[in-house]
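Student: Got a sequence here, can you model it:
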Amino acid sequence: MAQTQLDELDRQLIQVLARDARVSNRKIAGELGVTEGTVRGRIKRLQQDGLIAFTAISSFEMAERSRLAFISARVDVGKVREIAEEIGQLSLINAVLITMGEFNILAMCLFHDLDELVTTASDQILAMPGVHHVETSIAARTVKYNARMAKITRRQIEAASD
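Tutor: Predicted coordinates:
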């Protein structure tokens, strides 16, 4: 797949939508000095290319699973990508990052009870071939969380199970 090239208008459009995703195409067009059709077309292309998405972001308290945890894993260097993909398939996991440092994979999840977190970290991730060590950190208090930068939501596993 070819990488989408963003021009200055795309960047300005994304900035406007980042401030308020509910703003009308007409208002955006007026602000950016283009036609409403241009705005509509650009938004459609950006959505189709997976560069923007519109969603409501709720607080952790509204989530079915409202406790945040980080699962760090030390894995064989040659298997990092493969194991990261495998971890990403687990139903509890919301985000997987390949990192540098003591651990080479960081997974983030929302959970409801400790048993489901233990099952995911110890019984599933630690049991994967090539995983040598797992450490889990549970967020005790959220001091700052910018949902625009780090959106954490429940995975749409219902669609995957059809």
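Student: Ignoring the adjacent residues along the chain, who's closest to L51?
Tutor: Closest residue in space to L51, ignoring its immediate chain neighbours: T4 at 6.2 Å, by Cβ to Cβ, 6 or more residues apart in numbering. Bear in mind the C-beta positions are built from the backbone N, C-alpha and C, glycine included.
Student: list the contacts for the residue lying closest to V134 once chain neighbours are set aside?
Tutor: Once flanking residues are discounted, V134 sits nearest to L126: 4.6 Å by Cβ to Cβ, 6+ apart. If you count contacts by Cβ atoms under 8 Å, 6 or more residues apart in numbering, L126 has them with A73, H133, V134.
Student: ok, and the most crowded of those residues?
Tutor: The most crowded member of these, judged by other Cβ atoms under 10 Å, is A73 (26 neighbours).
Student: and that residue, what are its phi and psi?
Tutor: phi -130, psi 140 (degrees, to the nearest 10).
Student: pretty sure it contacts G101?
Tutor: No. In terms of Cβ atoms under 8 Å, A73 does not count as a neighbour of G101; the distance is 11.9 Å.
Student: Among the contacts of L126, pick out the one closest to D10, please.
Tutor: Comparing those against D10 with Cβ to Cβ places A73 closest, at 36.2 Å.
Student: No more questions from me, cheers.
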